[in-house]
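1. Have a look at this prediction, sequence included:
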Amino acid sequence: MVWFVTDGEMLFVSSQDENRDWVRNARKDPSVEVSIGNTTRQMTAQPVLSDAEKDRIRKSYHRKYLLSRVYYILASLVGISREIGIVFELKPKQICSSGTN
C-alpha cells in the first residue's frame, strides 16, 4: 500500500525512504502500473523536484491523512526531518493509435 494524494487532475505518491523497491523501480523505469480500487492504469512517474511544489503536496497529505499531520508535529518536537522525501507525479500514459486509410 502506498499513500497518494490528488490535486485537481494530478496524482502524487511519495516516500520518506528512497531505497524502497517501488521508488528504485520508478527511477529506473518510469513506466508504472497504478491500481486504485478496481481501476488499473498505465502511467509515467515523474519526480517532483521543486521544493515549493513538494511543500504544496505535503500540505495535501496533511489534509487527507491524520497520521501525516501527527508525524509532522512529532518530528518538529524531536528534531527529525520533516521533509516529504521523494515525490512522483503520476501522469496517464498517452494512448497512441495509428489509423489506416
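-> Thanks, I have it.
2. Next, count neighbours for Val13.
-> Taking other CB atoms under 10 Å as the neighbour definition, Val13 ends up with a count of 20. (Each C-beta comes from the backbone N, C-alpha and C, glycine too.)
3. how about Val87, what does it touch?
-> For Val87, the contact set (CB atoms under 8 Å, 6 or more residues apart in numbering) comprises 12-14, 47-48, 53-54, 57.
4. Would you agree it falls within a strand?
-> Yes: residue state for Val87 (DSSP: H, G, I helix; E, B strand; the rest coil) corresponds to a strand.
5. Most neighbours out of the contacts of Val87, which is it?
-> Neighbours were tallied for each of the contacts of Val87 (criterion: other CB under 10 Å), and the maximum of 23 neighbours falls on Phe12.
6. before we move on, which element is that residue in?
-> Following DSSP states H and E, the helix or strand that holds Phe12 is strand 10-15.
7. May I have the strands that pair with that strand, each with its orientation?
-> strand 4-7 (antiparallel), strand 86-92 (antiparallel) (DSSP bridges).
8. can you dump the C-alpha coordinates of stretch 4-18 into CSV?
-> The C-alpha atoms that make up stretch 4-18 are tabulated as CSV, following Å, rounded to 0.1, in the frame of the first residue of the first chain:
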residue,chain,number,x,y,z
PHE,A,4,-1.3,9.1,-2.5
VAL,A,5,-2.9,12.5,-2.9
THR,A,6,-4.6,14.2,-5.8
ASP,A,7,-4.5,17.9,-6.7
GLY,A,8,-7.1,18.6,-9.4
GLU,A,9,-6.2,16.3,-12.2
MET,A,10,-2.8,15.4,-10.8
LEU,A,11,-1.9,12.3,-8.8
PHE,A,12,1.1,12.2,-6.4
VAL,A,13,2.9,9.4,-4.4
SER,A,14,5.8,9.9,-2.1
SER,A,15,8.1,8.1,0.3
GLN,A,16,10.5,9.1,3.1
ASP,A,17,12.6,6.1,2.2
GLU,A,18,14.3,6.5,-1.2
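9. I am finished for the moment; much appreciated.
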